[in-house]
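> Sequence and predicted structure below; questions after.
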Amino acid sequence: MSRINSNVQSLIAQRVLGRNNQQLSTSLERLSTGLRINRGADDPAGLIASENLRAEKTAISAAISNAERAEQVVNIAEGGLQEISSLLIQLEGLITSTANEAGLSDEEREANQQQVDSILQTIDRIAGSTSFQGSRLLNGNLDYNTTGVSSDVQDFTVFGAKIADNQSLDVEVIVTNSAQVGGYFLSFGGATLDLGSATETFVIEIAGEIGSRQLSFASTTSLGSIRDAINSFTEVTGVVAAVSGTGVRLVSSELGSDQFVSVQVADDGGIAPANAGVYNLSSTDTNIANTTRLATFAEAINRVTDEGQDVQATINGIVAVGRGARASINTDFLATEVLLTTGAAGGGGGNAQTLGSVAAYTITGGGADFQLAPNVDIAGKVGVGVQNVAARSLGRTSDLAGNVFFLADLAAGKALNAEDGDLVTAQKAIREAIKDVSSLRGRLGSFQQNTIGATIRSLGVSFENTTAAESAIRDTDFARESAELTRSQILVSAATSTLAIANSQPQSVLQLLG
């Protein structure tokens, strides 16, 4: 069939050549850009997936940068805390050397006090000047803001908390078992010691968590004298005595399971009263003795020991770790320690807290929040509290009378000064301050190593895997596309030759016209 108005073969060749040219153009674009998907038309579903993966990659990369920035902040804070630790150790040495009263002149003690004042001022200066981009790190600026502190709470620390924006967090402590002292009631059956004869002596050894001391008392010694003799060695034994009725109550100077009172009678002196002996204290009020005698003084030749008890409690539904009257938890959403007051029994001989619920305090904000996850939500944040390490905030301690002191009380003219102050309590304050700073350094170090370090490593793996997934969807496979380019080039050449033949074919009709 020969026609000249409609060259169907040419139309077919043109269509095929156009399609081959389009395939060749696509291959050239993919090879030149390195991307398999350059527009939505290339792969609509693949474009959506790759864009989502690109967004995740960007968020992961930003989270890695945040973690690295957090590490820098912690490094700066650690540098300041390390210097404060060194100063506190120097302070311990100064107080110990100053306690050598007979070997020091007044001028030397005055010189030591000047060094103490200089150290306290330097600690305050470091606390106020350690900063990151103008933000103070150790002056309480990164501590948590709290309100509504209960009168049942002596002291508390918020190590970390996650709080949603514009919200607050109530901290509730439910005490299920109160902290207690160790102790006994020694009944002598009267206001004075009544032994078998005037020549007899009552010999007893009192021991506590710190140490022990053996004491001897003659007949007719008053209960007050027995109490005073025991209390004169409280700093040696850790046991406090108080007159109660016809006997003396002995209790450990602190609360907790690591505290105890031990009694051993070496010689009962033939004590006369029939009800004399060792009695346990009531489990609900250690100011009261049980009515059932534990042992006579003669039987107490075999040592008897009563241990204290740690508080048992939950904090916001989490079982707390108890140490004395302190209850603490360490979770992802709240890490805190609460020191409870003594209950109705009061003083050094009471229980830490009556059983029940305590609305301890409310966290309203503050803290140092770091965004360490690609998703911006409360689960992706890590909160750290950095307390004020100025001298007025460190080393909380108390003397036997219950007076509370801080490291700042070692300054000249204050109760714990090195010249004429209470050096025993001063050393306790310094050691508590060392514990405070060491604990803070330990928490920041743990945060740096376990939280930041693990986060950076985990995010690095996530970034690699997300990049691989995005590349598999969007990037060009050069081996495959190069083969496709060669194929398209051959097809274009073949289609071009075919089109030339199809266009020349109608010329054969001229032969029919003669």
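Nice, thanks for sending it over. It should be emphasised that the depicted structure is a prediction, and the values quoted were computed from it without experimental measurement.
> Looking at per-residue confidence, what score does Ser471 get?
On pLDDT, Ser471 comes in at 82.
> And for the host helix or strand of it, what's in contact with it?
Assigned by DSSP states H and E, Ser471 belongs to helix 453-474. By C-beta atoms under 8 Å, 6 or more residues apart in numbering, the surrounding residues in contact with helix 453-474 are 35-37, 43, 46-47, 49-50, 53-54, 56-57, 60-61, 63-64, 67-68, 71, 372-374. From N, CA and C alone the C-beta is placed, and that goes for glycine too.
> rerun at 10 Å
34-38, 42-43, 45-68, 70-71, 370, 372-374, 382, 447 (C-beta atoms under 10 Å, 6 or more residues apart in numbering).
> quick one, strands of the stretch 151-300 of the chain?
Secondary structure of the stretch 151-300 of the chain by DSSP state E, counting those that start in this stretch: the strands cover 153-161, 169-177, 183-187, 201-208, 212-218, 239-244, 247-252, 260-267, 277-281, 289-295.
> how far away is the closest residue in space to Ser97 that isn't next to it in sequence from Gly421?
What sits nearest to Ser97 in space, not counting adjacent residues and going by C-beta to C-beta, 6 or more residues apart in numbering, is Asn112, at 6.8 Å. Using C-beta to C-beta, to the nearest Å, we find Asn112 at a distance of 12 Å from Gly421.
> what residues are shared contacts of those two?
Joint contacts of Asn112 and Gly421 (C-beta under 10 Å, 6+ apart) are 95, 98.
> how distant is the one helix or strand Val74 maps to from the center of its chain?
Here Val74 sits within helix 44-98, counting by DSSP H and E. Taking the mean of its C-alpha atoms, helix 44-98 sits 15 Å from the chain's own mean (C-alpha atoms, centre = their mean, to the nearest Å).
> moving C-terminal of that helix, what's the next helix or strand?
By DSSP H and E, the next helix or strand past helix 44-98 is helix 106-129.
> Tell me which residues are up against stretch 123-138.
69, 72-84, 87-88, 91, 139-142, 368, 386-394, 407-408, 433, 437, 440, 444.
> what comes into contact with stretch 206-215?
Counting by C-beta under 10 Å, 6+ apart, 182-184, 186, 202-205, 226, 229-230, 232-241, 250-254, 256, 258-264, 266, 303, 305, 307-308 sit against stretch 206-215.
> In CSV, could you pull the C-alpha coordinates for that stretch?
Output in CSV follows, covering the C-alpha atoms of stretch 206-215 (Å, rounded to 0.1, in the frame of the first residue of the first chain):
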residue,chain,number,x,y,z
ILE,A,206,28.4,2.3,126.1
ALA,A,207,29.0,2.0,122.4
GLY,A,208,27.7,3.7,119.3
GLU,A,209,28.5,4.2,115.6
ILE,A,210,31.5,6.3,116.4
GLY,A,211,33.1,4.3,119.2
SER,A,212,32.8,3.1,122.8
ARG,A,213,33.6,4.1,126.3
GLN,A,214,33.5,2.2,129.6
LEU,A,215,32.2,4.2,132.6
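> quick one: buried residues of that stretch?
206-210, 213 (16 or more other C-beta atoms under 10 Å).
> check which helix or strand covers the residue lying closest to Ile89 once chain neighbours are set aside.
Using C-beta to C-beta, 6+ apart and skipping the chain neighbours, the partner closest in space to Ile89 is Ile434 (7.2 Å). Secondary structure from DSSP H and E places Ile434 in helix 423-446.
> Hmm, the residue nearest to Ser97 is touching Glu101, no?
No. Using C-beta atoms under 10 Å, Asn112 makes no contact with Glu101, being 11.7 Å away.
> for the closest residue to Ala70 other than its chain neighbours, helix, strand, or coil?
Leaving aside its sequence neighbours, Ala70 sits nearest to Phe370 (C-beta to C-beta, 6+ apart; 4.3 Å). What DSSP: H, G, I helix; E, B strand; the rest coil gives for Phe370 is strand.
> Please name the bridge partners of Phe370.
Phe370 has these beta-bridge partners by DSSP bridges: Val382.
> How about the contacts made by it?
By C-beta under 10 Å, 6+ apart, the neighbours of Phe370 are 63, 66-67, 69-71, 73-74, 380-384, 447, 451-452, 455.
> List only those of those residues flagged as buried.
Buried among those (16+ other C-beta under 10 Å): 63, 66-67, 70-71, 73-74, 380-384, 447, 451-452, 455.
> Widest-spaced pair of those residues?
Pairwise distances across the buried ones among the contacts of Phe370 peak at 18.4 Å for Val74 and Gly380 (criterion: C-beta to C-beta).
> residue ranges of the strands in the stretch 301-450 of the chain, please?
Under DSSP E, counting those that start in this stretch, the stretch 301-450 of the chain gives strands at 304-307, 312-315, 318-319, 321-323, 326-330, 334-340, 356-366, 368-371, 381-384, 397-398, 404-405.
> between those strands, which one is nearest to Phe297?
strand 304-307 (10.8 Å).
> Each with direction, which strands does the closest one pair with?
strand 260-267 (antiparallel).
> model confidence over the strand it pairs with, on average?
For strand 260-267, the per-residue pLDDT averages 95.
> tell me the angle it makes with strand 201-208.
160 degrees (axes from the mean of the first three to the mean of the last three C-alpha atoms, to 10 degrees).
> Next, the angle strand 247-252 makes with strand 260-267.
Using the same axes, to 10 degrees: strand 260-267 against strand 247-252 is 140 degrees.
> Show me which residues of strand 260-267 are buried.
260-265, 267.
> same check, this time on stretch 439-457
440-441, 443-444, 447-448, 451-452, 455-456.
> ok, now stretch 407-424?
Of the residues in stretch 407-424, those buried (16+ other C-beta under 10 Å) are 407-411, 416-418, 421-423.
> Which of the residues you listed sits closest to Leu17?
Leu407 (89.9 Å).
> With adjacent residues omitted, what lies nearest to Glu484?
Nearest one to Glu484, counting by C-beta to C-beta, 6+ apart, is Ser27 at 5.0 Å.
> Correct me if wrong: the one you found contacts Ser488.
Yes. Judged on C-beta under 10 Å, Ser27 makes contact with Ser488 at a distance of 5.5 Å.
> sorry, back to before: got the angle between the helix holding Ser471 and helix 44-98?
170 degrees.
> On the C-terminal side of helix 453-474, identify the next helix or strand.
Downstream of helix 453-474 (by DSSP H and E), the next one is helix 478-504.
> Remind me what that following helix packs against, helices and strands.
helix 8-33 (3 or more C-beta pairs under 10 Å, 6 or more residues apart in numbering; DSSP states H and E).
> Buried residues, the helix it packs on. List them.
Quick answer for helix 8-33 (16+ other C-beta under 10 Å): 10, 13-14, 16-17, 20, 23-24, 26-27, 29-30.
> what would these look like in CSV with pLDDT?
Shown next, in CSV, are those (pLDDT from 0 to 100):
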residue, pLDDT
Ser10, 78
Ala13, 76
Gln14, 79
Val16, 83
Leu17, 76
Asn20, 76
Gln23, 79
Leu24, 74
Thr26, 74
Ser27, 72
Glu29, 71
Arg30, 71
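> pLDDT score assigned to Thr176?
90.
> what's the closest non-adjacent residue to it?
Closest to Thr176 by C-beta to C-beta, 6+ apart is Gln312, at 4.9 Å.
> ok, the one you found touching Ala179?
Yes. The criterion here is C-beta under 10 Å, and Gln312 meets it with Ala179 at 8.4 Å.
> who's more crowded, the two?
Ala179 (29 against 18; other C-beta atoms under 10 Å).
> what does the domain assignment say about this protein?
Listed domain ranges for the chain are 8-34+476-513, 183-307 (source: automatic domain parsing).
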